[in-house]
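In: below is the structure, and that's it, no one-letter string:
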């Protein structure tokens, strides 16, 4: 995966996930705020569940595809782990990336079960997400032996976003539905995504000249650049949140309140899963 | 204890403990969920207490046996601590392992008192468990001076499971009965157990050729292997949880509801200790 | 910014912020305590909001001025980031300081929105403050490459105050309105402010002889000095708290209770934002 | 303070504090448990306050004496901080110890105010205790430059007890009256006290031969010895808790219930400060 594409691909996935989560939570929150105006349809428990199930299924699918790709791409290990004739491990990088996908797949599978069956405790989806993020950071952390200063540094910075996401998801086990934590997780996921792109541009510049990977000024610039990515992620989350809030409010204003009363009596389930907790 | 057996033995204990805890919590949770179907017998406060007392007594017994074994096995120090003629400490390893057993024994003793007498605060059993895990990790941490790279690394990885278990048990002092924390503790205990076996296979391979303890590729493989053990532990916990849930539900369906009403009036104690808290 | 003034300026800002916050929280708490004496005017939700909005606007203004000053002062980079002819970064220090101001500006902007519009969750203002403090510490942390022992040490000590402030602000997301946390945040902000001054005096002594930046005795003295600054900050917070409490109480005693009843019926909004949460 | 007495003295203080706190909390808890038997006299709010005030006054007094002793003992700096003729700091050790006492004095002063006046938030006493412990550990941490391996190690082990105590006291800000946290703080205070004695015996053995301060076996033994001190502290806390519980219960049994009813109507204040919170 030591290539520009190898960093741009997971980066894009995390960017999409961050935008999707921000939109989802903004929509739910906006709908819940204006429930007295009749928007329970959007944030009803049934539709929330359906959305979670679809999301989990999509994540599960892409994790599976990712694992297959890591194994059977051109330079993949094709499920061979150890070459006993030459006594060396086969393509440990690919195996590690496949392991990361495996954990996100497990998290998606648990989320799928939690939101379809009633048996499992609801908080498990956040716990598994925290474990998946933690595992990603854990593998990256022991991944960096013997690289150049700047290479190590950009990956260390990535770990701030990854372990930050793990910590926030773990806190959500206890504070489910806390708006600040949800938006912080969205921000950190976006940050992780855009930072993967940045790593690609720094280590494998597609067109521009190579970076001096040992220069300390570059380390200092890259650190500041990470702050800018964080600021950008916060601005993006704010923009999505405001847009969705305004859209929901303006749409509700045009809907006649009559129809709403009818809807309400039909959708008589608890308003949101988080409130049942 | 520098031998394959020396790592397989504690590993087996932790594996048994992990499976047992998973079964226990799954059973209680499943029974509580279906209480309206009359299963209070399984999860009633009295039977919960009895189970905890039996569990604590068994742990106490094995801790005591472990301490004796460490002291009086063939190469044990037989309670001699310092050889003042030759000015060196006697078998510090065995003493350290005995100390680890001592703390698990203390935790079991406190748990025994907490669940028999009413005087002591209930949360103390989790606190003592956290202290026992912390002490184990603490002694391992200062245990690794001057060993080879891979040896240190596999023990550092073990510390993730040990300190993770300590942290989760400490959080349970405040969030007793949180399903996510209970299952996470079970997972980390299983992980610890299976990782002890893995350490045995890496450092003292019983049949296969020796590992190169300085090779960095081995370090990277072992790190990934730890992730796989974690995934395996999570799958095992999930499997036990699902099996127990299904078994409880199917058994309840066959029981006539009549008998249940009678049972209920007999077992009229609070349903679970955690809810009294 | 490597100058005495460069440290005295932010120091003064943090000192002012610390004193202002201490006064604000003391006033609100004292007013709330004696609400039955009719002081709701001071701590009413409307006036609280107005105060927060003014505070946020002032912080936003000064952050903007700070960014401009860092860019367009005599030795500023004037928005040039990279000199491609000589292949080096332009004035990274100034850019980093401008980034710090940017985050405090963002926090102030979010606080402004949170306290004017109803749409955004209230806890976001503390979260953004935590992020701003964290970002400040984060940039300082990777700022210290290749400096002398004492220089690094005084900045490391600063990080205790900065990250401490970030942690406390983050805890306030969950425990908003906790008096102990509020006063601790005020204390750490004052500590940060006075320590900036101390750094200026140590690294760029205006009149006295230079310090030996490699002497370990100086390191030990400076560590203790940090404790004294902390004690001074705690005493200052206590003094302000007591003064404000006494002033509010004595003023209330002179106000006839009659008028109060009238006020109360006019200001019939919830007493404080924190209680709505 | 580099002497046996210099470590035995603070050790004794912490031992006394640990025993005292254990007794106090055990008494309150036992009295509260058996309140229906009429023991509110012991755990009434008024008597609790009186006890806290006396305790704080005693701590304040000894902190003041400690500061004076550090300054004006034979080799003390007598308030001289810097010898500008010889350009070196005067007795930084004594100044550091005096600073530690200062913070415990401040904590005691705040506790005194909190429990006499109603103005200050109750949680401040635990916060100040946490700050005092943190400051002690903070000064010790930067205290150890250039010492021998074993000397550094025994002080690092001490930091586990000190920072552990700070963390527990900080958690008590949010979970005041949590039995597990209170007993844990007592345990860690006892551990700190007995470990100060152990440090004295290791570094300045009064009669026995000197320890080899560079031997790694000694490091390993001392680590295990810390665990034993922890086990001893836990046993001591348990013993005091059980003794007090039994004494309170047996004394209550001998008291005629009649008298109790009378007492109850007299002491009609809230039963405990913690419950008011």
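Out: That came in fine, so what should we check first? Here the structure is a predicted model, which is why all the values come from computation and not from measurement.
In: would you map the helices across the stretch 1-150 of chain A?
Out: A:4-33, A:40-43, A:45-72, A:92-116, A:124-141, A:149-174 (DSSP state H, counting those that start in this stretch).
In: the closest residue to chain D within the stretch 51-200 of chain A and residue C:174: what is the separation?
Out: Proximity to chain D, evaluated over the stretch 51-200 of chain A using Cβ to the nearest Cβ, is greatest for residue A:174 at 12.8 Å. Backbone N, C-alpha and C define where each C-beta goes, glycine included. Applying Cβ to Cβ, to the nearest Å, the value for residue A:174 to residue C:174 is 9 Å.
In: could you do residue A:99 as well?
Out: Distance, residue A:99 to residue C:174, by Cβ to Cβ: 33 Å.
In: neighbour count for those two, which is higher?
Out: Between residue A:99 and residue C:174, residue A:99 has the larger neighbour count (other Cβ atoms under 10 Å in any protein chain shown), namely 23 against 17.
In: could you find the closest non-adjacent residue to the more buried one?
Out: Among residues not flanking residue A:99 along the chain, residue B:227 sits closest, at 5.0 Å (Cβ to Cβ, 6 or more residues apart in numbering or on different chains).
In: contacting residues for the residue in chain A positioned nearest to chain C?
Out: Across chain A, no residue is closer to chain C than residue A:179, which sits at 3.7 Å (Cβ to the nearest Cβ). Applying Cβ atoms under 8 Å, 6 or more residues apart in numbering or on different chains, we find residue A:179 in contact with A:25, A:29, C:121, C:123, C:124.
In: counting neighbours, which of those residues comes out on top?
Out: Among the contacts of residue A:179, residue A:29 has the most neighbours (other Cβ under 10 Å), with 23 neighbours.
In: how close does the closest residue to that one other than its chain neighbours get to residue B:228?
Out: In this structure, residue A:29 finds its nearest non-sequential neighbour in residue A:179, 6.3 Å apart by Cβ to Cβ, 6+ apart. The gap separating residue A:179 from residue B:228 is 36 Å, by Cβ to Cβ.
In: equivalent analysis for residue A:174, please.
Out: Residue A:174 sits at a distance of 28 Å from residue B:228 (criterion: Cβ to Cβ).
In: for residue A:231, same thing?
Out: According to Cβ to Cβ, residue A:231 stands 38 Å off from residue B:228.
In: circling back: what about the residue of chain A closest to chain C, distance to chain B?
Out: Counting by Cβ to the nearest Cβ, to the nearest Å, the separation of residue A:179 from chain B is 21 Å.
In: count the neighbours of the nearest residue to residue A:10 once chain neighbours are set aside for me.
Out: Once flanking residues are discounted, residue A:10 sits nearest to residue A:196: 5.4 Å by Cβ to Cβ, 6+ apart. Using other Cβ under 10 Å, residue A:196 is surrounded by 22 other residues.
In: then residue A:215?
Out: Residues contacting residue A:215 under the criterion other Cβ under 10 Å number 15.
In: list the contacts of it.
Out: Counting by Cβ under 8 Å, 6+ apart, residue A:215 makes contact with residue A:150.
In: ok so, going back, return the member of the contacts of residue A:179 nearest to residue C:185.
Out: Each of the contacts of residue A:179 was checked against residue C:185 using Cβ to Cβ; the closest is residue C:123, at 14.6 Å.
In: these two touch, right, the closest one and residue C:171?
Out: No. Applying Cβ atoms under 8 Å, one finds residue C:123 not in contact with residue C:171, separated by 11.2 Å.
In: around chain B, which positions in chain A sit nearby?
Out: Within chain A, the positions adjacent to chain B are A:88-89, A:92, A:95-96, A:99, A:102-103, A:106, A:110, A:119-121, A:123-124, A:126-128, A:131, A:135, A:138-139, A:142-143, A:145-146, A:173-174 by Cβ under 8 Å from any Cβ of the partner chain.
In: now those: which count as buried?
Out: Listed as buried from the residues of chain A next to chain B are A:89, A:92, A:95-96, A:99, A:102-103, A:106, A:110, A:119-121, A:123-124, A:126-128, A:131, A:135, A:138-139, A:142-143, A:173-174; burial here means 16 or more other Cβ atoms under 10 Å in any protein chain shown.
In: so which residues of the stretch 151-277 of chain A form helices?
Out: A:179-203, A:216-254, A:257-266, A:273-276.
In: so which of these is the most surrounded?
Out: Among the helices of the stretch 151-277 of chain A, helix A:179-203 has the highest mean neighbour count (mean count of other Cβ atoms under 10 Å in any protein chain shown), at a mean of 24.
In: now do the contacts for residue A:78.
Out: A:71, A:72.
In: show the pLDDT at it.
Out: The confidence metric pLDDT takes the value 79 at residue A:78.
In: relative to residue C:198, how far out is the residue nearest to residue A:10?
Out: 41 Å.
In: alright, I will stop here.
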